[in-house]
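Asker: Next comes the sequence, and after it the predicted model I'd like to discuss.
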Amino acid sequence: MKKLLTALLTLFSLNALFAQAAKAPVPAPRAETNDPEAKKILDKIRKKYEAYKSLEAAFTLTIEVPGQKQEVQKGSVAQEGDKFRLEMDQQVIVSDGKTTWVYLKKNNEVQINDADPKDTENGFLTPKDLLKRYQKGDYLYALTDKTTENGKLVTHIEFKPKDKKSEYSKLRVSVDEKAGAIQSVKAFGKDSARYTFSINKMTPNKQFAADYFTFDAKKYPGVKVEDLRM
């Protein structure tokens, strides 16, 4: 479960990651440098995504683990600055940038943690944390292929972490080049697991209620609260 949550937050965070990547200067070509052609595509995406104050996406997550039956889950995720809300069949994860709540529906239990980007023990990788690590040059990106899918020109860009201890060997991003929009992201785990995050619908600049990025235990009768904050 921890790896799944990490994958979800990592994949959604790529919207912000692209904007940062497009700003990064491209040095003269040499070994282990970013791809200038990929940067041109990221520039187009940046112009759209930088203007968004908030973003909501409905998605389908396909999980492939060797020796196990393929699993398909649907859900939605919203982001506004450091705040985010992830909703799926079995759990809801909410963060207001200071506190993170993980609600397990089946157990009617909520776990509360400080929203510390340095806290990797709980399996969370927040958008803010990913941006910080990307700015440090932890990833390399390059265009790998262009294909036509359903009449659309789809460009594939791969991001590879420099950290050899990373759970993922690479992330493959598929972009509708004409629309300048992300279609899907596939994470390749070093344990041979595959997570494919396909965006079904994206809604930018959506207005959220003031309490949307918080968890009110009073709305869940009988909920067990486990406060793990220091």
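Answerer: Noted; the coordinates are in hand. Quick caveat: nothing in here was measured; it's all calculated off a predicted structure. Numbering: from 1, shown residues only.

Asker: Give me the next element, helix or strand, following the lowest-mean-pLDDT helix or strand in the chain.
Answerer: Sorting the helices and strands of the chain by mean pLDDT, DSSP states H and E puts helix 127-135 at the bottom, at a mean of 44. Next along the chain after helix 127-135, taking DSSP states H and E as the criterion, comes strand 139-149.

Asker: how long is stretch 90-103 from one end to the other?
Answerer: Distance across stretch 90-103, first residue to last, is 9 Å (CA to CA, to the nearest Å).

Asker: Give me the sheet partners of the helix or strand hosting K74 and which way each runs.
Answerer: Per DSSP H and E, K74 falls inside strand 71-80. Paired neighbours of strand 71-80 in the sheet (DSSP bridges): strand 55-64 (antiparallel), strand 83-87 (antiparallel).

Asker: ranking the ones you listed by burial, who's on top?
Answerer: Stretch with highest mean neighbour count among the strands paired with strand 71-80: strand 83-87 (a mean of 20; mean count of other CB atoms under 10 Å). Glycine gets a C-beta too; all of them are placed from N, C-alpha and C.

Asker: other SSEs contacting the next helix or strand after that strand?
Answerer: Per DSSP H and E, the first helix or strand lying C-terminal to strand 83-87 is strand 91-95. Here strand 91-95 touches strand 83-87, strand 99-104, going by 3 or more CB pairs under 8 Å, 6 or more residues apart in numbering; DSSP states H and E.

Asker: could you give the angle of the longest one to strand 83-87?
Answerer: Orientation of strand 99-104 against strand 83-87 (axes from the mean of the first three to the mean of the last three CA atoms, to 10 degrees) gives an angle of 0 degrees.

Asker: For V175, give me its contacts.
Answerer: Taking CB atoms under 8 Å, 6 or more residues apart in numbering as the criterion, V175 is in contact with 41, 45, 154-157, 181-183.

Asker: Would you quantify the distance from the residue nearest to T99 when sequence neighbours are not counted to R172?
Answerer: Sequence neighbours aside, A115 is the residue nearest to T99 in space, at 5.7 Å (criterion: CB to CB, 6 or more residues apart in numbering). Using CB to CB, to the nearest Å, one obtains 29 Å as the distance from A115 to R172.

Asker: Please identify which of these two sits among more neighbours.
Answerer: Using other CB atoms under 10 Å, the more surrounded residue of A115 and R172 is A115, with 21 against 17.

Asker: Output stretch 91-101 as CSV - backbone C-alpha positions only.
Answerer: The C-alpha atoms that make up stretch 91-101 are tabulated as CSV, following Å, rounded to 0.1, in the frame of the first residue of the first chain:
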residue,chain,number,x,y,z
GLN,A,91,-9.0,5.2,1.1
VAL,A,92,-8.9,9.0,1.1
ILE,A,93,-5.7,11.0,1.6
VAL,A,94,-6.0,14.7,2.4
SER,A,95,-3.4,17.3,3.2
ASP,A,96,-3.7,21.0,3.9
GLY,A,97,0.1,21.4,3.6
LYS,A,98,0.6,21.2,7.4
THR,A,99,-1.3,18.0,8.3
THR,A,100,-2.0,14.8,6.3
TRP,A,101,-5.0,12.5,7.0
